[in-house]
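Q: dropping the sequence and predicted coords here.
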Amino acid sequence: MLPIVSDPVSSLSGQVKIPGDQSISHLSLILGAIADGQTCISGLLEADDIIATTHAMRALGANIHKEGDHWLINGIGNGSLLSPHKSLNFGNSETGSKLTIGLVSSYDFPVTFIGDSSFSIGTILDPLLLTGLQVDSKKGDRLPIRIQGAPLPMPIIYKLSVASFHIKSAILLAGLNIAGITTVIEPVSNRDCTEKMLARFGANISIHVEKKERRYISITGHKDLIAQDIIIPSDFLSASFVIVAGLIVPSSDIIIRNLLVPPTRKAGLFKTLIEMGAGIDILEQNSFSHDTIITIRVRHSQLSAIDVPSERTPLLTNEYPLLAVAASFAKGETRIRGIKGNECDRLSVTVEGLKANGVVCEEGKDGLIIVGGNGKVKGGGIVGTDCDHRIAMSFLVMGMASHFPIGVNDINTKNPFFCTFLYLMKSLGAKLTIKKGIGGFNP
């Protein structure tokens with residue numbers, strides 16, 4: 001955990017290719033491991049958390065190796081995972097551990113998961129317990145845990161209380177090895193790369209959408225999966241910090257290539273920034289499993305405040321600290337309605353960070369109100385992130401455009417998202433300095 005200072009810069013410029021999408025990287029490895037034949041993956045995000053999933057799939061029986069720029073997986077077939085001889089170590093990979101817990105939860109052998117205990121896994125264990133899963137843990141809903149699936153796991157119909165990629169994906173992956181039909185009911189549309197990847201590998205999956213966007217996603221177990229050639233596009237969440245930095249730092253001009261924009265992302269942060277007047281031009285457009293892949297040009301823009309409707313907020317779960325930073329530079333009063341705290345009460349931590357840097361804002365019952373500075377933010381504050389890397393990166397972006405530098409504490413500098421962020425922003429001209437201590441930080 002090291003503090004970092006972000007200094008104001010005169011501009012950000014250049015061309016960047018964002019590393020591969022994290023979720024699709026995990027899913028490609030997992031589905032390739034249980035498919036029949038050889039899966040070839042290009043553009044895999046080679047971060048520590050993805051490598052942890054690679055090691056786990058090998059321990060479960062898949063043959064995985066790298067040749068040049070490609071990762072090759074010789075799968076062992078759906079329902080054929082082997083009992084691992086050692087614990088599966090996922091480090092600080094929340095996505096990898098949760099998806100793999102779902103995958104192996106329907107197998108009748110014990111598996112021990114070890115790694116970072118800072119994130120909760122209780123929300124994915126609750127539905128999996130209904131299939132007959134047994135869990136042994138000394139830390140409740142934290143790693144390490146030991147799980148064992150039932151000899152005859154039961155299919156379930158599970159209604160999510162909130163939209164969640166992790167919970168939905170864990171249930172669907174479990175359903176691959178459960179006789180019968182397993183169904184997840186989503187209250188609103190959420191990121192659907194898991195459904196699309198399952199369909200691409202040949203899983204028997206169906207989706208029914210009711211009024212008000214409620215989605216019924218059903219998967220029939222014991223269906224053979226077929227190996228695929230996968231080219232992984234760039235990750236939108238990683239790119240979003242580059243986009244906002246380009247919009248708020250004066251004289252900036254950035255080109256981002258091969259960027260994946262799923263419908264939920266397009267309808268969330270991307271749409272909101274466009275409504276605020278973001279200077280984003282689409283230079284190229286292609287497709288990936290019915291998603292859009294674009295090359296964009298981002299330029300410094302005078303943003304205008306908007307009223308973000310509450311029905312859009314579920315699509316901004318990971319991005320609203322960053323949206324709050326963008327709104328701080330807008331002209332007028334932005335309202336982001338319907339925000340609920342997540343993990344470390346992200347909303348309160350975001351509000352504290354805004355106020356520490358001279359932004360007038362208010363946390364209300366219906367979300368967040370931000371009075372924009374019309375292109376100017378004082379800065380000069382120190383932000384405690386409560387170990388949330390998204391908040392850390394958001395305020396470091398703010399520091400690139402504020403009048404005074406901004407310091408950020410509580411950062412895990414080994415986090416793969418954060419490492420990508422540092423590399424990309426420095427390549428564009430950002431000044432980000434890791435400090436031994438900024439208790440006496442005085443811009």
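A: Right, received. Where do you want to start? Numbers count the residues shown, from 1 in each chain.

Q: low-confidence ranges, the stretch 101-250 of the chain, go.
A: Within the stretch 101-250 of the chain, the stretches falling below the threshold (pLDDT under 70) are 212.

Q: all the strands of the stretch 151-300 of the chain, in order from the start?
A: When assigned using DSSP state E, counting those that start in this stretch, the strands of the stretch 151-300 of the chain occupy the ranges 157-159, 181-186, 204-209, 215-220, 229-231, 253-261, 279-288, 291-299.

Q: what about the residue lying closest to L237 once chain neighbours are set aside, helix or strand, and which?
A: Among residues not flanking L237 along the chain, N318 sits closest, at 6.0 Å (Cβ to Cβ, 6 or more residues apart in numbering). (C-beta placed from N, C-alpha, C; glycine too.) When secondary structure is defined using DSSP states H and E, no element contains N318, which sits outside every helix and strand.

Q: next one: N318 from L368, what distance?
A: Applying Cβ to Cβ, to the nearest Å, the value for N318 to L368 is 15 Å.

Q: go on, D141?
A: Computed as Cβ to Cβ, the D141 to L368 distance reads 28 Å.

Q: coming back round to it: quick check, pLDDT for the residue nearest to L237.
A: Per-residue confidence (pLDDT) for N318: 79.

Q: surely it meets D235?
A: No - the pair N318 and D235 does not pass the contact test of Cβ atoms under 8 Å, sitting 11.4 Å apart.

Q: most centrally placed residue in the protein?
A: L237 (6.3 Å; Cα atoms, centre = their mean).

Q: tell me who's in contact with that one.
A: For L237, the contacting residues are 22, 265, 318-319, 417, taking Cβ atoms under 8 Å, 6 or more residues apart in numbering as the criterion.

Q: what's the farthest-apart pair in those residues?
A: Among the contacts of L237, the pair separated by the greatest distance (Cβ to Cβ) is R265 and F417, at 15.4 Å.

Q: go ahead and report the secondary structure state at V383.
A: What DSSP: H, G, I helix; E, B strand; the rest coil gives for V383 is strand.

Q: same thing with T95?
A: With three-state DSSP as the basis, the three-state label of T95 is helix.

Q: which ones are touching the nearest residue to it once chain neighbours are set aside?
A: What sits nearest to T95 in space, not counting adjacent residues and going by Cβ to Cβ, 6+ apart, is H26, at 5.6 Å. H26 makes contact with 49-50, 53, 95-96, 99 under the criterion Cβ under 8 Å, 6+ apart.

Q: try F421
A: Remark: with contacts taken as Cβ under 8 Å, 6+ apart, F421 is in contact with 238, 241, 393, 396.

Q: ok, now with 10 Å
A: In this structure, F421 makes contact with 238, 241-242, 245, 389-390, 392-393, 396-397, 415, 430, 432, judged by Cβ atoms under 10 Å, 6 or more residues apart in numbering.

Q: so where do the helices sit in the protein?
A: Along the chain, the segments classed as helices by DSSP state H run 22-33, 48-59, 94-104, 122-129, 165-175, 193-200, 236-248, 263-265, 271-275, 320-328, 346-356, 389-401, 416-427.

Q: what's the closest of these to G373?
A: helix 320-328 (6.2 Å).

Q: who does the closest one touch, helix- and strand-wise?
A: Secondary-structure packing of helix 320-328 (3 or more Cβ pairs under 10 Å, 6 or more residues apart in numbering; DSSP states H and E): helix 236-248, helix 271-275, strand 307-308, strand 333-337, helix 346-356, strand 360-364, strand 367-371, helix 389-401.

Q: quick one: list the elements packing against the shortest one.
A: For strand 307-308, the helices and strands in contact under the criterion 3+ Cβ pairs under 10 Å, 6+ apart are helix 271-275, helix 320-328, strand 333-337, strand 367-371.

Q: can you do 7 Å?
A: When contacts are defined as 3 or more Cβ pairs under 7 Å, 6 or more residues apart in numbering; DSSP states H and E, strand 307-308 packs onto strand 333-337.

Q: again, but for the fourth one
A: Applying 3+ Cβ pairs under 7 Å, 6+ apart, one finds that strand 333-337 contacts strand 307-308, helix 320-328, strand 367-371.

Q: now the angle from the second one to strand 367-371?
A: Regarding helix 320-328 and strand 367-371, their directions subtend 30 degrees when assessed with axes from the mean of the first three to the mean of the last three Cα atoms, to 10 degrees.

Q: CA-only coordinates of helix 320-328 in PDB, if you can.
A: Below are the C-alpha coordinates for helix 320-328, written out as PDB (Å, rounded to 0.1, in the frame of the first residue of the first chain):
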ATOM      1  CA  TYR A 320     -19.700   6.800 -10.800                       C
ATOM      2  CA  PRO A 321     -16.600   8.000  -8.900                       C
ATOM      3  CA  LEU A 322     -15.100   8.700 -12.300                       C
ATOM      4  CA  LEU A 323     -18.300  10.300 -13.500                       C
ATOM      5  CA  ALA A 324     -18.300  12.500 -10.300                       C
ATOM      6  CA  VAL A 325     -14.800  13.700 -11.200                       C
ATOM      7  CA  ALA A 326     -16.000  14.600 -14.800                       C
ATOM      8  CA  ALA A 327     -19.000  16.400 -13.300                       C
ATOM      9  CA  SER A 328     -16.700  18.400 -11.000                       C
END
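
Q: who's more crowded, N318 and L368?
A: In this comparison of N318 against L368, neighbours counted by other Cβ atoms under 10 Å, the higher total goes to L368 at 24 against 18.

Q: now M276, nearest residue through space, not along the chain?
A: Closest residue to M276 apart from its sequence neighbours, by Cβ to Cβ, 6+ apart: L303 at 4.4 Å.

Q: so how far is T334 from that neighbour?
A: As for L303, its distance to T334 is 9 Å (criterion: Cβ to Cβ).

Q: cool, L44 as well?
A: 37 Å.

Q: ditto for E186
A: If you measure E186 against T334 using Cβ to Cβ, the figure is 28 Å.

Q: those two: who's more crowded?
A: The residue with more neighbours, out of E186 and T334 and counting by other Cβ under 10 Å, is T334; that gives 25 against 22.

Q: contacts only, for the more buried one.
A: Residues near T334 by Cβ atoms under 7 Å, 6 or more residues apart in numbering: 305-306, 327, 370, 372.

Q: which non-adjacent residue is nearest it?
A: If you skip the residues right next to it in sequence, T334 has A327 as its closest partner in space, 3.7 Å away by Cβ to Cβ, 6+ apart.

Q: ok, that neighbour touching N374?
A: No - if you go by Cβ atoms under 7 Å, A327 and N374 don't touch, sitting 11.5 Å apart.
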